[in-house]
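Engineer: Quick one, structure for this:
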Amino acid sequence: NILQRKLHSNLSAKFVCLLLSFTNMKHSNNMTIVFVIITILLASLALSQSCDTTPVDIRCVNKGLTTILEIKNKKATHLYFHLNRISTFPARIFNGMNVLTLIDLSNNVISKPPDGSFHGLTALYSLKLSHNRLKTLPLGILHGLTALEILILKGNIISTLFVG
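Structural biologist: Numbers count the residues shown, from 1 in each chain. From the prediction side, this is the model:
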């Protein structure tokens with residue numbers, strides 16, 4: 001993570017230097033070249049923050065995310081959102097993901113998953129919530145997860161666990 005921040009900071013510094021060195025240019029060809037260079041640098045910074053996806057996997061690992069805004073591929077079977085700063089996400093973000101078998105939300109800062117978060121995920125086999133800030137799991141949060149065999153909660157501060 002530190003290496004990634006240094007890389008971003010170095011790229012940002014180079015971007016600023018390029019911009020400053022070409023601000024006094026008078027020729028339009030040179031300005032075009034500068035525009036292309038700046039566009040490439042900005043695209044490389046944005047690309048490093050995007051998620052890696054395949055038809056079955058969505059990998060948003062160590063991207064600095066604070067929430068999950070939208071999941072377009074409802075046919076994904078594996079979601080990897082670990083090593084971020086996710087504190088919350090919409091309650092129905094996983095709706096319609098009937099073939100989803102794995103969700104990895106470990107190493108985030110989630111204190112309480114929204115009620116109904118995992119409702120309807122009947123194929124979910126593995127749910128990883130380790131190393132978050134969970135104090136409790138809401139009553140019924142795991143209700144209906146008939147295929148769930150792996151639930152990882154280690155590294156949390158759980159004081160209450162509702163069974164039902």
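Engineer: Would you map the strands across the protein?
Structural biologist: 52-53, 57-59, 78-80, 102-104, 126-128, 136-137, 150-152, 160-161 (DSSP state E).
Engineer: name the helices or strands packed onto the fifth one?
Structural biologist: To tie it back to what came earlier, the one meant is strand 126-128. In terms of contacts (3 or more Cβ pairs under 8 Å, 6 or more residues apart in numbering; DSSP states H and E), strand 126-128 is packed against strand 102-104, strand 150-152. All C-beta spots, glycine's among them, are computed from the backbone N, C-alpha and C.
Engineer: for the fourth one, same thing?
Structural biologist: If you count contacts as 3+ Cβ pairs under 8 Å, 6+ apart, strand 102-104 packs onto strand 78-80, strand 126-128.
Engineer: Would you reformat the strands of the chain as CSV and include distance to F118?
Structural biologist: As requested, the strands of the chain are exported to CSV (distance: least, Cβ to Cβ, whole Å):
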stretch, distance to F118
strand 52-53, 21
strand 57-59, 16
strand 78-80, 11
strand 102-104, 8
strand 126-128, 7
strand 136-137, 11
strand 150-152, 11
strand 160-161, 16
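Engineer: between these, which one is nearest to P113?
Structural biologist: Closest approach to P113 among the strands of the chain (Cβ to Cβ): strand 136-137, 7.4 Å.
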